[in-house]
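> Sequence first, then the predicted structure, then my questions.
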Amino acid sequence: MKVGDSMKLVLSETEYEQLAIEKFQKIMKDVPIVSKVETSLSDSRNKFGDFHVLVHFKDDRDPIKFTVEVKSNGEKRFVNDFIAYASQNRNNVYYVFMAPYVSKSSADTIIQSNLSYIDLSGNCYIATRHIIIVFSGMPNLYKDQRQKRDYFSKKASAASAVLRTMLSDMHAVWTIKSLSETTGKALGTVYNVKKFMLEQDWIKKYPHGFTVQNADEIVRVWAEEYHMKPQRAIEYYSLNSVPQIESEIASCNAIQNTNAVLGNFSAAARYAPTVRYNKVHVYVEQKSLDVFVKQLKLKPVSSGGNVIIIIPHDVTPCMFTQIINGNLITSPVQTVIDLLGSSGRGEEAAEAIIQKELK
């Protein structure tokens with residue numbers, strides 16, 4: 001474990017390293033066919049690998065060599081660095097990433113790269129020519145609540161504005177100052193969001209600033225947190241067809257200045273029409289709701305409606321709206337977030353937009 005790897009440590013680097021060695025030895029010694037486990041620390045000059053393991057077997061199989069990289073946390077950027085090195089330096093060695101906790105997202109990335117991981121919370125995936133060991137679903141035993149940030153929840157308005165601004169132009173090179181000035185958010189807020197994104201490997205740094213990267217991963221993680229709290233949605237029925245309703249919404253915006261924004265499948269149909277739908281989803285501010293309902297002659301229903309009006313929790317869902325064929329629609333980011341929280345073929349529709357707008 002190299003000095004300066006991470007944020008404030010819960011334990012010292014030496015303590016994490018020792019725990020990692022003990023954990024690895026215990027896992028291997030519990031395997032019935034293993035006879036002996038030898039460990040040795042890496043030379044301090046090595047840039048990769050904190051300790052090495054030689055696992056011997058009770059029969060005449062050749063021993064297996066492991067090189068273990070230990071980090072004081074399982075941030076995605078450390079996982080990606082581990083994968084980048086290990087994927088190019090196999091050399092008959094099995095590489096293992098170890099940290100106090102490895103998230104499911106990071107674990108999946110490691111497994112897909114045909115590599116292994118162990119965390120101190122009890123999760124692991126080890127796959128070799130003789131051994132396969134899998135434990136999953138264990139909670140993070142090393143969580144520092146002071147470091148937890150709900151940047152993707154509906155209540156995180158300031159952070160949401162910063163994230164949406166960066167994702168609105170993925171080629172833009174930002175500084176903390178320029179992002180603060182553009183969003184109108186405090187320098188401290190922007191700094192914290194940037195730090196969080198850097199930890200997840202969602203920022204690429206340059207000498208003169210930084211850009212957002214891995215946007216598809218960002219919106220998938222965002223959607224999981226965003227939909228933990230339900231949005232305020234009201235169901236209505238209209239006698240008109242879906243195209244007629246959407247046309248009437250555009251007219252209402254022009255006549256009544258309601259600024260109603262098509263979302264979900266209605267917006268997806270404008271970005272990447274891959275899925276058929278029979279309900280109109282539209283964001284309408286509370287102050288415009290009565291005028292909007294009256295103008296479209298909508299009738300409230302408890303179920304079976306074909307118009308779903310969503311009252312935005314703040315201004316962020318309707319940031320960076322676009323006008324396509326005369327219809328005001330949610331941004332690609334908000335559209336994908338909405339779709340990933342929808343039943344039916346929402347994920348399919350979201351994937352089409354990700355490939356077209358966010359890759």
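It's in.

> give me the number of residues near the closest residue in space to Ala156 that isn't next to it in sequence?
In space, and not counting its chain neighbours, Ala156 is closest to Asp150: 5.6 Å by Cβ to Cβ, 6 or more residues apart in numbering. No exception for glycine: its C-beta is placed from N, CA and C like everyone else's. Asp150 has 11 neighbours, counted by other Cβ atoms under 10 Å.

> try Gln286
9.

> Kindly report the same for the one 4 residues further on.
Asp290: 10 surrounding residues under other Cβ under 10 Å.

> pLDDT wise, what is it at?
The score at Asp290 is 96. That number is its pLDDT.

> tell me which element it falls in.
helix 289-296 (DSSP states H and E).

> Same check on Val190?
For Val190, the host element (DSSP H and E) is helix 187-199.

> which helices and strands does that helix pack with?
Applying 3 or more Cβ pairs under 8 Å, 6 or more residues apart in numbering; DSSP states H and E, we find helix 187-199 packed against helix 76-88, helix 157-168, helix 176-183, strand 203-206.

> Would you map the helices across the stretch 201-350 of the chain?
Applying DSSP state H, counting those that start in this stretch to the stretch 201-350 of the chain gives helices spanning 215-226, 242-256, 264-271, 289-296, 332-340, 346-353.

> got TSV for those helices, with distance to Glu69 too?
As requested, the helices of the stretch 201-350 of the chain are exported to TSV (distance: least, Cβ to Cβ, whole Å):
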stretch	distance to Glu69
helix 215-226	22
helix 242-256	53
helix 264-271	40
helix 289-296	55
helix 332-340	32
helix 346-353	32
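
> Quick check: which of those helices is buried the most?
Of the helices of the stretch 201-350 of the chain, the one with the most neighbours on average (mean count of other Cβ atoms under 10 Å) is helix 332-340, at a mean of 26.

> Over to Glu22. Which of the three states is it?
Secondary structure, DSSP: H, G, I helix; E, B strand; the rest coil: Glu22 is helix.

> Okay, it and Met138: tell me how far apart.
17 Å (Cβ to Cβ, to the nearest Å).

> Okay, the residue nearest to the spatial centre of the chain and Pro312: tell me how far apart.
Closest to where the C-alpha atoms of the chain average out (Cα atoms, centre = their mean) is Val221, at 2.5 Å. To Pro312, Val221 is 21 Å away according to Cβ to Cβ.

> cool, and Gly137?
35 Å.

> Please apply the same query to Leu179.
23 Å.

> go on, Ala20?
Taken as Cβ to Cβ, the span from Ala20 to Pro312 is 46 Å.

> got it, and Met98?
Applying Cβ to Cβ, the value for Met98 to Pro312 is 43 Å.

> repeat for Ile255
For Ile255 relative to Pro312 (Cβ to Cβ), the value is 21 Å.

> Show me which of Ala20 and Pro312 is the more surrounded one.
When neighbours are counted by other Cβ under 10 Å, Ala20 comes out ahead of the other of Ala20 and Pro312, with 25 against 19.

> Report the contact partners of the more buried one.
Taking Cβ atoms under 8 Å, 6 or more residues apart in numbering, we find Ala20 in contact with 50-51, 68, 70, 98, 118, 120.

> Go through those residues and name the one nearest Glu351.
Ile118 (31.9 Å; Cβ to Cβ).

> quick one: furthest residue from the center of this structure?
Asp60 (45.3 Å).

> backbone phi and psi for it, please?
phi -90, psi 20 (degrees, to the nearest 10).

> rewinding a little: would you confirm that the residue nearest to Ala156 contacts Glu225?
Yes. Counting by Cβ atoms under 8 Å, Glu225 is a contact partner of Asp150 at 6.8 Å.

> Roughly how far does His208 sit from Val173?
For His208 relative to Val173 (Cβ to Cβ), the value is 7 Å.
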